[in-house]
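Undergrad: The sequence and its predicted three-dimensional model are supplied below.
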Amino acid sequence: MGEKAERKDTVEMEKILDNAAKLGVSYADVRYQCYDYEMITVENKTLKSYISRRLSGIGIRVAVKGAVGYASTSDLSHDSLNKTLNQAIKAAKSIKGKKQPFSEAKINKANVKSSMKIDPINVSPEEKVSIALDANKAAWISDEIKNATTRIGLSKDSRLFMSSEGAKVSVETTLVGLSHESVAKVNGVMERVPHSESMCAGFEFIKSKDWNSFTADISKLAIEAASSKTPPPGTYPVVVDPEIFGLILHEAFGHASEGDSVFTGDSVLQNKIGTQLASEIVTIIDEGIVEGGYFFPFDDEGTKKEKTVVVEKGFLKSYLNDRHSALELGTESTGNGRAQSFENIPIVRQTNYYMQPKDYKFEELIEDLDFGIYIRGKGFTGGQVDEGMGTFTFGVGPSQIINNGELTETVRGVVISGMILETLKTIDAVGKKLKIWTSVFGSCGKSGQAATCGLGGPQVRVGKMTVGGR
Amino acid sequence: MELAELAVKKALNIGATEAEAYIQRTKAIRVEFADEIENFVTVEPLGISLRVALGKKTAMHSTSILNESEIDEAVAKAVKIAKVAPDDPNWKHVNKKFGKAPAEGYYDETFEKLDYREIVENLKSAINCITKHDKRVKPIRGALAMSISNVSIANTYNESSERKETSIFVMMGAKAKEGMLESTGTEHWEARFWKEINLEDLAVKATEKATKFLKAKPIASGKMSVIIRNQIFASILGVILSGPINADWVQQGRSPLSNKLNTQIASENINIVDDGIMHGGWQTKPFDDEGHPTQKTPIIEKGTLKNYLYDTYTALKDNVESTGNAQRPYYWMKPQPLPSNLILKAEEASPEEIIRETKKGIYIEETIGEQLSNPVSGNLNATVTHGYLVENGELTEPIKGVLISGNFYELLKNGIEIIGKDLRNSEQNYSPTVKLTQLTIAGK
């Protein structure tokens, strides 16, 4: 978004807010977005696709007698914006609301950008394609590799928020990364290992890393996985690495701590503030700006995202809220109102959700285990949670059996499952090294909206986890 | 001139040897609710996606801004990228076969006229059903989404083809509480027609599911026969088979079904088709996302693998005809061969009969995590959130929290004992209730 464009959009947005006031709405906000995105895919040493995309438009949210309506358009002409405003008002009037829909909030004015040295969208297409091609070629380390797919993902997301209360917040976040998946076949068994690394930075991040050894390592792991067994099914003590633990925490506990599922009673955490939910070594944080995570200084309601302590030494301290859930729960927004794009209404979402590290070295985490599994994230294939009951299940990467306090053979096709409130209580040791990650490739889905999040934690030992395999 | 045609013309004018433009204009509403309706969202997403070729070099660019100057910029950007792309030796041309297949039941004209207040009133009475039905139960977060989508496709070889589709998705949930016990139940439905959806019926089913599972418990690990409800097996079918029958996966060495055409990969009772023209199907349409007519394609016939699914690019690579399966999950994505309506053909038994014929096993009502199943190795996994023990032909104890696992390809060969008659969909995947001989269960 150039300075000139920004000024022009600001003027249009102010006009919408003025018109909204004339039409009798009690609250209005307008969100402008311009999102540029590129995805370069190389499969089996050839460029499969180069996709470039621009998404831009305006979303208008209004409250009429406490009822909330929303409409959006990517036609920024004056007539279209007026039509969109009327559409939002009509939508609000079709339902009955309460006295007011949102909690009180501090009115912010800010203009912030994530760190970026080289604008990734402006880098020449040749340079991007050649990095992806080289990385892909490096993955073909043996005849056992049957397929290799490499992607470079680049995004720049500029958002401007203005409200009838006087807020004006502009945030620009650049996110880039490289992902790779190798498929190996050994003695008739096929396995795939996907993995990626992303960073809120410019193209300098892509230039700074040795992606050829990154993809070769993934191929090695795929071959090792295809030649290994699946684990014996049952319930065991496990040590979980930061990548997968961050994911479990986000999916199975993080979502349950989102205020919109708390006030409706969806969440297992309803009415649990002040109660002990986890062992005393567990502290859980949601924070807008952390190293390795997604850059999220302000939310899509103009609220500053500060550090929220969700669980402190095992006790539930706070939920995550936007201005609607905050009102329902009689509290303040924690800056967690997020929308996928201008085509969506903000809902409560996590930002960078992680567990605080403690004092264990990795060797100390495994040395007391007669039998267990070291659950690895590299190569994980996804997960799902039944929020109402706190049941989670994840397909994790190739993992290792722990036998008499030592790592032994690799196992493939590992699936873990548990009930989060039981899992958190059986955490008996927490590692000392914190790792937080985000991704330009995957995102978290909720209510039909995707959001880029940061996840992580240290290595964590869990007393009981159900492990499936074939 | 239609905008799609204009974009194609502009691309050819600045040096593209071929061009294709896909424009999608959608009107969508989404209503979120729990015990009350929270907000009413109406959006009109639109966008144009351009694919250009310069000889054998290709690129795509899309934008959500549909005015002429933005189209000029978009076309220039696509051509700029294509110029520096390496040659794709397999590129021949964009789609050259157009027309409409006799598909029906994908557009509901009542959508345009539907008053927002009618939707709100219908939802409110369904939400009230939950609390009225059982005092221990409360509604949890649900959503209703409806959309009308207009697509037009033009390319170097064709003026624009147009189609109009409607769809509705509903999710309703309930949570039961009794003392320390808690349980949830959710129901979802995807359809093309507003009148197909019975919101109150969904509400009642979700409520019953929640209360019945208050006392559900895991069972011990072991191996036993498993009956899987239609929608759940439909979802598993889609997760496992969509990739391996995709010609792109086959050509790229990702598919375990490579080199298996016309060989027996399943037992004789297995018949699977991809039917792009079935009446009212979730993905029924007259032509695919490249403008190629859709069709009905047998995938597995009496256990024999008959076909893979093709778009234009993969078909030209194999010297065959496209099966009309080019799909763009979002308008800005590259078309790829994906199933239209993937159907496991129904047989005779009702779910009740299947249960009656089972001495010992489990009946699975609801799972999470079946998406984690691995289509490459065939490893099938899911966590049962709602299930029953089956003893002597009857559903007995409610169970939850156990993991099922098995290998899908082995199941196809000799593990699907009974196929029911109650065909139902989970999005574009259709299956009846099935009984599997043996699956591993990881429990207590």
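TA: Right, received. Where do you want to start? Numbering: from 1, shown residues only, chains lettered A, B, ... in the order given.
Undergrad: The helix or strand of chain A with the lowest mean pLDDT packs against which elements?
TA: Lowest by mean pLDDT, DSSP states H and E among the helices and strands of chain A is strand A:382-386, with a mean of 77. Applying 3 or more CB pairs under 8 Å, 6 or more residues apart in numbering or on different chains; DSSP states H and E, one finds that strand A:382-386 contacts strand A:391-395, strand B:360-368. (C-beta placed from N, C-alpha, C; glycine too.)
Undergrad: try 6 Å this time
TA: strand A:391-395 (3 or more CB pairs under 6 Å, 6 or more residues apart in numbering or on different chains; DSSP states H and E).
Undergrad: Show me the helices in chain A, by range?
TA: Listed in chain order, the helices found in chain A under DSSP state H are A:3-22, A:78-93, A:125-137, A:204-208, A:211-226, A:242-248, A:259-263, A:323-328, A:362-366, A:420-425.
Undergrad: Can you say which of the ones you listed is nearest to B:Gln251?
TA: Ranking the helices of chain A by proximity to B:Gln251 (CB to CB) places helix A:125-137 first, at 16.3 Å.
Undergrad: Could you tell me the angle between that closest one and helix A:211-226?
TA: Computed by axes from the mean of the first three to the mean of the last three CA atoms, to 10 degrees, the angle separating helix A:125-137 from helix A:211-226 equals 30 degrees.
Undergrad: how about helix A:125-137: buried residues?
TA: A:125, A:128-129, A:131-133, A:135-136 (16 or more other CB atoms under 10 Å in any protein chain shown).
Undergrad: And the helices of chain A: which comes nearest B:Glu70?
TA: Evaluated over those, closeness to B:Glu70 peaks at helix A:3-22, with 12.7 Å, by CB to CB.
Undergrad: That closest one relative to helix A:78-93, how many degrees between them?
TA: Interaxial angle of helix A:3-22 relative to helix A:78-93 (the same axes, to 10 degrees): 40 degrees.
Undergrad: Enumerate the residues of the stretch 301-444 of chain B near chain A.
TA: Proximity of the stretch 301-444 of chain B to chain A is confined to B:332, B:334, B:368-369, B:371-372, B:376-377, B:379, B:381, B:383, B:385, B:403, B:405, B:440, B:442 under the rule CB under 6 Å from any CB of the partner chain.
Undergrad: can you list contacts of stretch A:99-116?
TA: With CB atoms under 6 Å, 6 or more residues apart in numbering or on different chains as the test, stretch A:99-116 has contacts from A:63, A:66, A:68, A:165-174, A:200, A:202, A:295, A:297, A:302-304, A:323-324, A:326-327, A:332-333.
Undergrad: mind exporting it as PDB, just the C-alpha atoms?
TA: Extracted in PDB, the C-alpha atoms of stretch A:99-116 (Å, rounded to 0.1, in the frame of the first residue of the first chain):
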ATOM      1  CA  LYS A  99     -28.200  -3.500  24.300                       C
ATOM      2  CA  GLN A 100     -24.700  -3.400  23.100                       C
ATOM      3  CA  PRO A 101     -22.500  -5.900  21.300                       C
ATOM      4  CA  PHE A 102     -19.000  -4.900  22.300                       C
ATOM      5  CA  SER A 103     -17.000  -4.300  25.500                       C
ATOM      6  CA  GLU A 104     -15.400  -0.900  26.100                       C
ATOM      7  CA  ALA A 105     -12.000  -0.600  24.500                       C
ATOM      8  CA  LYS A 106      -9.000   1.700  24.500                       C
ATOM      9  CA  ILE A 107      -8.900   3.800  21.200                       C
ATOM     10  CA  ASN A 108      -5.600   3.200  19.400                       C
ATOM     11  CA  LYS A 109      -3.800   5.100  16.700                       C
ATOM     12  CA  ALA A 110      -0.800   3.300  15.300                       C
ATOM     13  CA  ASN A 111       1.100   2.400  12.100                       C
ATOM     14  CA  VAL A 112       3.400  -0.600  12.400                       C
ATOM     15  CA  LYS A 113       5.300  -3.000  10.100                       C
ATOM     16  CA  SER A 114       7.100  -6.300  10.600                       C
ATOM     17  CA  SER A 115      10.800  -6.200   9.800                       C
ATOM     18  CA  MET A 116      11.500  -6.600   6.100                       C
END
